[in-house]
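> Generate coordinates for the sequence data below:
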Amino acid sequence: MDNPDLLLLARAQFGLNIGFHILFPSLTIALAWILVYFRIRFAQSGDAAWLATYKLWVKIFALSFAMGVVSGITMSFQFGTNWPGFMKHVGNIAGPLLAFEVLTAFFLEATFLGVMLFGMNRVPPWVHIAATVLVAVGTLVSSFWILALSSWMHTPAGQVMDGGALIAGDWLQVIFNPSFPYRFVHMLLASGLTASFVLAGLSAWRLLRAPADASALHTLRTGVAIAAVLAPLQIFVGDLHGLNTLEHQPAKIAAMEALWKTGRGAPLVLFAVPNAETRRNDFAIEVPKLASLILTHDLDGEVKGIDAFAPSAPGADQLAPPVAPVFFAFRLMLAVGVSMLALAWIGTWVLRKGATPPAWLLWSFAGFTFSGWAATLAGWLVTEIGRQPWLVTGVLRTSQAVGRVPEAQLGASLTGYVLVYALMLGAYIVVITHLAGKGTTAARAEST
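Below is the predicted model:
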């Protein structure tokens, strides 16, 4: 590919599509299991409040699931239009993994989703509970296969060349590649945090409108409790994932930390403006040797810099990602994640022993309703931009897979996607906020 503008447009369009799509699975994977909890509590207690809570949140789940399906179909078209080289080079591995996701997860979800949404008064309670559980299992299995493929693209393993074609020599190695366990757990925890803050945020919004809604208070406490447990786990798993990335994708770590030169005792850059032309950090605020301590557990440990992957000599092969977007996205992810942890723990303390939540806490959680999305998108930018210039690390460059769609056509379609997705996202937020504003009181009235 000798047209950088076309490559940039194609990447921007696919990035917009997958970024919009990931919002909804990051919510529904965990929300499905929260619905299982609500449904079982109603079955055990017979309390109409649990039924009302389930009916409210199953609507939000259904809308989110539908948005994920629609955006996923749109995204899949681009494999053929904008990225034909992807399937041409690695289709023998990517194709089966995507097919496994459809056969084992999507059909499971689609089959039992109807029973879950419309079968409560038409099937025995145990059948409805089983359907709800199977939908949740389907979301989990779907994430398994998608994360297996995504992880393989970052840390490929198990592939062999057969007559000029890349095939899977060992499917277990392909699926359980070196980064898969970390990415899979990291994504599940991200979904749990996203769902817990949506649950807490929309419940807080309801309580601001109707302070006497006991069910909303209970779901607020449920969301806060889940977040308080998962946030520190996510930080721990994220650290393990970072060490795995250091081992298998050191160029990404160099960009995340804005380390331009290989050396010992690398500083931790708290803030800077990375300058790609001078290969230095402007306005840098650093803590000496702390990056080496975190990454190598040695104050004088050696950490590879950008110069190890992208020599400054003219004509040298550049195998490092752009530093600035990876650096800033990583710090945004950390800032949002730490803020979520602090708010969850503060909320747990304030709400202990059934305390009535003060208005400032409700407004805080309402403001953080979609904070999980912000952290997830920032993390996704780190992951995907940090992989460049590779589409499949060490196997296929991004420039080798892009198609030959005219730039004007790509630009027009990208503009169309931006407008449509902005409208869809705005409508989605308005609808679920409206549902939360109606609250469990309306849901209870519907169920009687």
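
> Could you use CA atoms for every contact and neighbour count after this?
OK.

> in the stretch 151-300 of the chain, which segments are predicted with low confidence?
Scanning the stretch 151-300 of the chain for pLDDT under 70 picks out no residues.

> which stretches of it form strands?
159-162, 165-168, 263-264, 268-275, 280-287 (DSSP state E, counting those that start in this stretch).

> do the stretch 301-448 of the chain as well
Along the stretch 301-448 of the chain, counting by DSSP E, counting those that start in this stretch, strands occupy 302-303, 390-392, 396-397.

> Include mean neighbour count when you put those strands into JSON lines, please.
Listed next are these as JSON lines, based on neighbours: other Cα atoms under 10 Å:
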{"stretch": "strand 302-303", "mean neighbour count": "20"}
{"stretch": "strand 390-392", "mean neighbour count": "20"}
{"stretch": "strand 396-397", "mean neighbour count": "18"}
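
> wait, which of these is closest to residue 213?
Closest approach to residue 213 among those is made by strand 390-392 (49.9 Å; Cα to Cα).

> Now find how far off-centre that closest one is within its chain.
Distance of strand 390-392 from the chain centroid (Cα atoms, centre = their mean, to the nearest Å) equals 19 Å.

> what do you get for stretch 270-286?
Centre-to-centre, stretch 270-286 and its host chain are 28 Å apart (Cα atoms, centre = their mean).

> do stretch 212-222 as well
Relative to its parent chain, stretch 212-222 has a centroid offset of 27 Å by Cα atoms, centre = their mean.

> do stretch 157-173 as well
28 Å.

> just to revisit the earlier point, what would the strands of the stretch 151-300 of the chain look like in JSON lines with mean neighbour count and distance to residue 239?
Formatted as JSON lines, the strands of the stretch 151-300 of the chain follow (neighbours: other Cα atoms under 10 Å; distance: least, Cα to Cα, whole Å):
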{"stretch": "strand 159-162", "mean neighbour count": "13", "distance to residue 239": "28"}
{"stretch": "strand 165-168", "mean neighbour count": "17", "distance to residue 239": "30"}
{"stretch": "strand 263-264", "mean neighbour count": "16", "distance to residue 239": "20"}
{"stretch": "strand 268-275", "mean neighbour count": "18", "distance to residue 239": "15"}
{"stretch": "strand 280-287", "mean neighbour count": "14", "distance to residue 239": "18"}
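
> export those to CSV and tack on distance to residue 426?
Formatted as CSV, those follow (distance: least, Cα to Cα, whole Å):
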stretch, distance to residue 426
strand 159-162, 42
strand 165-168, 42
strand 263-264, 47
strand 268-275, 32
strand 280-287, 37
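
> which stretch among those comes nearest residue 206?
When the strands of the stretch 151-300 of the chain are compared by Cα to Cα, strand 268-275 sits nearest residue 206, at 37.8 Å.

> tilt between that closest one and strand 280-287?
170 degrees (axes from the mean of the first three to the mean of the last three Cα atoms, to 10 degrees).

> Run through who's touching the helix or strand harbouring residue 108.
Element membership for residue 108, per DSSP states H and E: helix 107-118. Outside helix 107-118, the residues that touch it by Cα atoms under 8 Å, 6 or more residues apart in numbering are 58, 62, 128-129, 131-132, 134-136, 138-139.

> can you give me the offset of that helix from its chain's centre?
Centre-to-centre, helix 107-118 and its host chain are 24 Å apart (Cα atoms, centre = their mean).

> Equivalent analysis for stretch 166-175, please.
Counting by Cα atoms, centre = their mean, stretch 166-175 is centred 25 Å from the centre of its parent chain.

> Ok, stretch 154-161 next?
The chain centroid and the centroid of stretch 154-161 are separated by 24 Å under Cα atoms, centre = their mean.

> now stretch 280-287
Relative to its parent chain, stretch 280-287 has a centroid offset of 29 Å by Cα atoms, centre = their mean.

> Centre-most residue in this structure?
residue 376 (4.2 Å; Cα atoms, centre = their mean).

> Spit out the contact partners of the residue nearest to that residue when sequence neighbours are not counted.
Nearest residue to residue 376 in three dimensions, chain neighbours excluded: residue 190, at 6.8 Å (Cα to Cα, 6 or more residues apart in numbering). In this structure, residue 190 makes contact with 26, 234, 372, 376, judged by Cα under 8 Å, 6+ apart.

> Selection in ChimeraX covering whichever of these are buried, please.
This is how ChimeraX selects the buried members of those, with burial counted by 16 or more other Cα atoms under 10 Å:
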select :26,234,372,376
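
> In helices, which of the contacts of residue 190 fall?
Among these, DSSP state H puts 26, 234, 372, 376 in helices.

> wouldn't the second one be in contact with residue 189 here?
Yes. Under the criterion of Cα atoms under 8 Å, residue 234 makes contact with residue 189 at 6.0 Å.

> returning to that earlier point: got CSV for the strands of the stretch 301-448 of the chain, with distance to residue 258 and mean pLDDT too?
Output for those, formatted as CSV (distance: least, Cα to Cα, whole Å; pLDDT from 0 to 100):
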stretch, distance to residue 258, mean pLDDT
strand 302-303, 11, 88
strand 390-392, 19, 89
strand 396-397, 23, 87
